[in-house]
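**Q** Coordinates only, no sequence provided:
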């Protein structure tokens, strides 16, 4: 049982090392949150919707990514 617990802790530690937290907030020039904004990560073909306060969050494997931010009415 002791070895199983050690193995589980090691596996969880390794999985956290190979991932990175990606988060942020989308605002306009005045700092107001842009409700309904989208964040698109090209390499993994994943889109994220921001919450009502403009925040987004996900976990990504380590690597380099191209990120697009989109909001209706903005370029």
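**A** On my side now, so go ahead. What you see is a predicted model, and the numbers here were worked out from it, not measured in a lab.

**Q** okay, which residue is most central for this structure?
**A** Closest residue to the average C-alpha location of the chain: residue 58 at 2.7 Å, with CA atoms, centre = their mean.

**Q** Report pLDDT for that residue.
**A** pLDDT, residue 58: 91.

**Q** now swap in residue 49 and tell me
**A** Note on residue 49: pLDDT of 91.

**Q** repeat for residue 29
**A** Confidence score, pLDDT, at residue 29: 84.

**Q** that's a strand at it, yeah?
**A** No: per DSSP: H, G, I helix; E, B strand; the rest coil, residue 29 lies outside any strand segment and is coil.

**Q** Tell me, how many residues neighbour it?
**A** Using other CB atoms under 10 Å, residue 29 has 5 neighbouring residues. For every residue, glycine as well, the C-beta is placed using N, CA and C.

**Q** for residue 47, same thing?
**A** Counted with other CB under 10 Å, residue 47 comes out at 12.

**Q** wait, it sits on residue 40?
**A** Yes: under the criterion of CB atoms under 8 Å, residue 47 makes contact with residue 40 at 4.8 Å.

**Q** so where's the chain uncertain?
**A** Low-confidence segments of the chain (pLDDT under 70): 1-18, 74-75.

**Q** And the strands in it?
**A** 19-25, 38-41, 46-49, 55-61, 67-70 (DSSP state E).

**Q** ok, the closest residue to residue 35 other than its chain neighbours to residue 22 distance?
**A** With CB to CB, 6 or more residues apart in numbering as the criterion, residue 35 has its nearest non-adjacent residue at 5.7 Å, and that residue is residue 52. Remark: distance between residue 52 and residue 22 (CB to CB, to the nearest Å) = 20 Å.

**Q** More neighbours: which of the two?
**A** Counted by other CB under 10 Å, residue 52 and residue 22 do not tie: residue 22 has more neighbours, with 15 against 8.

**Q** Perfect, I'm done here.
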